[in-house]
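>>> Sharing a sequence plus its predicted fold:
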Amino acid sequence: MGRSLGEIRQQTFSSLRSPNYRLYFFGQAASMLGTYTQATALTWLVLVLTHSGTDLGLVTAIQTLPMMLLAPYGGVVADRTDKRRLLIALQILLGVQALALAIVTLLHSANFADLCGFSLALGLNNAFSNPTRQSFVREMVDETTIRNAVTLNTITGATARSLGPAMAGVIIAIAGEAPCFFINAASFLAVIYSLKKMNTETLSRDSPAPRRRGQLREGIAYTMHTPAIAVPILTMAIVGTLAYEFQVSLPLFARLTLHGGSETYGFLLAVMGAGAVSGGFVSAARNRIGFRPLMNSTFAFGISILAAALSPTILLASIALFFVGWSNTSFTTLASSAVQLNAAPQMRGRAVALYQVAFQGSTPIGGPLIGWIIGLSTPRIGLVVGGLSCFAAMGLAISLRAKFGRSAVHGSGSSYGRTTELLP
């Protein structure tokens, strides 16, 4: 029988029944809006200063290189420490960095080297804050709502990805890039407030992992020998390297292929974000996790990217990008949920960190590579490469499933007294 509207609504927002997660959710919503406002302004500022897709890819790579190199150690730190206190300190540093970038830009003294430096500082912080933030979610919610919380986090990011670029496009056209950076600096006050107001007695804190040598190697070995975690991470690594380089391909697609300006770029990002929000709410109302849903979302992601690449007009491109956002949310949620649900408590930070390496840390390779491909060809070809990478990821996942078998690929590291079958 079909569920009532009330049941669907309760399922969609089930994790918000936790007061701590509710505080965190709204604090993150404000912070993410500022983050994507800044990201859009920074991307456009680099493009205006350099007029180079390769330089844009280089800045993206500099920002994400620390994620690739240091995020695994960031996961070790997350497993060893009080995650809430660590997040507060890291958010303060992010706010200071955004404020400094705003001041430099306002004074019209920002150059390409400055932007590279700020991007590196942001990347260093993210290498520690992202694994901590992702693994901290499990301390605020229980096993029945973890997937919903992961989905709502994705929706938060997607909504910010929709509204942030739209805001940035208008602000840049009226007042330039500096106000976007000031907005981001102010937004960190919301997330810091939410973390400080939490009831720490009701947090389901993981026991910190004791300090000892070899913990990084231990986390890598554990992850790679737990197929229910390794399969989504390896799938994400391929997609993350070549398909997620929208910060490089989309501004060039908007400017060179569709002959638009910052407004066009902001509009395309907003449409993609709207699709991600729509897909996120559908995903939040469901409770499905497994190999087939993951493969379906990967296939849909690839097809929609190819459709966007081949679109001859802004209208058709925006329709295709709506479904890019929709399928992206589904794919990201399924992959992230599999990792978090199947990781043992004292390994969760390290497992999530390796997922973050695949998700964002692959950009130092993919960003310049896609920028180089576009430089040799067109933005359409850059998007086509991203779409085809989704099918390559599917091929790898299917081959791993055949190798390990259905019975072998279970979440043996689950912390909930049961296993989560990734490959049913």
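Okay, I see it.
>>> Not counting sequence-adjacent ones, nearest residue to Ala230?
Leaving aside its chain neighbours, Ala230 sits nearest to Met224 (5.3 Å; criterion: Cβ to Cβ, 6 or more residues apart in numbering). Where C-beta positions appear, they are placed from N, C-alpha and C, glycine not excepted.
>>> Equivalent analysis for Ser31, please.
Take Ser31 and drop its neighbours on the chain: the residue closest to it by Cβ to Cβ, 6+ apart is Val191, 4.1 Å away.
>>> Tell me if the one you found really is in a helix.
Yes - counting by DSSP: H, G, I helix; E, B strand; the rest coil, Val191 falls inside a helix.
>>> can you give me phi and psi for Asn111?
Torsion angles at Asn111 (phi, psi; degrees, to the nearest 10) stand at phi -130, psi -180.
>>> Look at it and report its pLDDT.
Asn111 carries a pLDDT score of 87 in this model.
>>> cool, and Thr420?
The model reports Thr420 with a pLDDT of 41.
>>> for Arg288, same thing?
65.
>>> How about the one 4 residues further on?
The predicted local distance difference test score for Arg292 is 84.
>>> again, but for the one 4 residues further on
At Asn296, the predicted lDDT confidence score is 90.
>>> can you tell me the helix or strand for it?
Assigned by DSSP states H and E, Asn296 belongs to helix 291-309.
>>> I'd like the next helix or strand past that helix.
helix 314-342.
>>> what packs against the next helix-or-strand element following that following helix?
Helices and strands here follow DSSP H and E; after helix 314-342, the next one along the chain is helix 348-356. Using 3 or more Cβ pairs under 8 Å, 6 or more residues apart in numbering; DSSP states H and E, the elements in contact with helix 348-356 are helix 53-80, helix 112-140, helix 215-224, helix 227-242, helix 314-342.
>>> I'd like to check the angle between the shortest one and helix 314-342, please.
So the one you mean is helix 215-224. What separates the directions of helix 215-224 and helix 314-342 is an angle of 110 degrees, with axes from the mean of the first three to the mean of the last three Cα atoms, to 10 degrees.
>>> shift numbering so it begins at 451
I'll keep to 451 as the first residue from here, and by that count the last item is helix 665-674.
>>> tell me which residues of helix 665-674 are tucked away?
Judged by neighbour count using 16 or more other Cβ atoms under 10 Å, the buried positions of helix 665-674 are 665, 668-670, 672-673.
>>> Grab the CA positions of it and hand them over as PDB.
What follows is the C-alpha trace of helix 665-674 in PDB, where atoms were taken according to Å, rounded to 0.1, in the frame of the first residue of the first chain:
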ATOM      1  CA  GLN A 665      46.800   4.100  12.300                       C
ATOM      2  CA  LEU A 666      46.700   5.700   8.800                       C
ATOM      3  CA  ARG A 667      47.900   2.400   7.200                       C
ATOM      4  CA  GLU A 668      45.400   0.500   9.300                       C
ATOM      5  CA  GLY A 669      42.500   2.700   8.100                       C
ATOM      6  CA  ILE A 670      43.500   2.300   4.400                       C
ATOM      7  CA  ALA A 671      43.900  -1.500   4.800                       C
ATOM      8  CA  TYR A 672      40.600  -1.800   6.600                       C
ATOM      9  CA  THR A 673      38.800   0.200   4.000                       C
ATOM     10  CA  MET A 674      40.300  -1.600   1.000                       C
END
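>>> Does Ser754 touch Ala770 like I think?
Yes - taking Cβ atoms under 8 Å as the contact criterion, Ser754 and Ala770 are neighbours in contact, 5.7 Å apart.
>>> still on that earlier bit, for Asn598, which of the helices and strands packed on helix 798-806 is the nearest?
Nearest of the helices and strands packed on helix 798-806 to Asn598, taken as Cβ to Cβ: helix 764-792 at 9.3 Å.
>>> packing partners for that closest one?
Packing partners of helix 764-792 (3+ Cβ pairs under 8 Å, 6+ apart): helix 562-590, helix 596-625, helix 677-692, helix 712-734, helix 741-759, helix 798-806.
>>> now, of these, which is deepest in the fold?
A comparison of the helices and strands packed on helix 764-792 by mean neighbour count, using mean count of other Cβ atoms under 10 Å, puts helix 798-806 on top with a mean of 30.
>>> Report the angle between that one and helix 503-530.
170 degrees.
>>> so what's Ser747 up against?
Contact analysis of Ser747 by Cβ atoms under 8 Å, 6 or more residues apart in numbering lists 777, 780-781, 784.
>>> which of these has the most neighbours?
Top of those by neighbour number is Phe781, holding 30 neighbours under the definition other Cβ atoms under 10 Å.
>>> Checking my notes, Asn654 in a strand, right?
No Asn there; residue 654 is Ser. No - secondary structure of Ser654, determined by three-state DSSP: coil, with no strand assignment.
>>> Verify the stated contact: Ile755 with Glu695.
No - with contacts counted by Cβ under 8 Å, Ile755 stays clear of Glu695, the gap being 10.7 Å.
>>> what residues do those two have in common as contacts?
Between them, Ile755 and Glu695 share these contacting residues under Cβ under 8 Å, 6+ apart: Gly836.
>>> neighbours around the residue lying closest to Ala599 once chain neighbours are set aside, how many?
Here the nearest residue to Ala599 in space, its sequence neighbours aside, is Ser465; by Cβ to Cβ, 6+ apart that works out to 3.9 Å. The number of residues packed around Ser465, counting by other Cβ under 10 Å, is 25.
>>> I'd assumed Thr606 was in contact with Ser465.
No - with contacts defined as Cβ under 8 Å, Ser465 does not count as touching Thr606, sitting 11.6 Å away.
>>> which residues are in contact with both of the two?
Counting by Cβ under 8 Å, 6+ apart, the residues touching both Ser465 and Thr606 are Phe475.
>>> Tell me where the model's unsure across this structure.
Where the chain drops to pLDDT under 70, the residues are 451-461, 503, 608-609, 611-612, 655-662, 734-739, 811, 855-874.
>>> which helices and strands sit right next to the longest helix along it?
Taking DSSP state H as the criterion, the chain has its longest helix at helix 469-500. For helix 469-500, the contact count by 3+ Cβ pairs under 8 Å, 6+ apart identifies helix 503-530, helix 533-556, helix 562-590, helix 596-625, helix 628-646, helix 696-702, helix 712-734 as packing neighbours.
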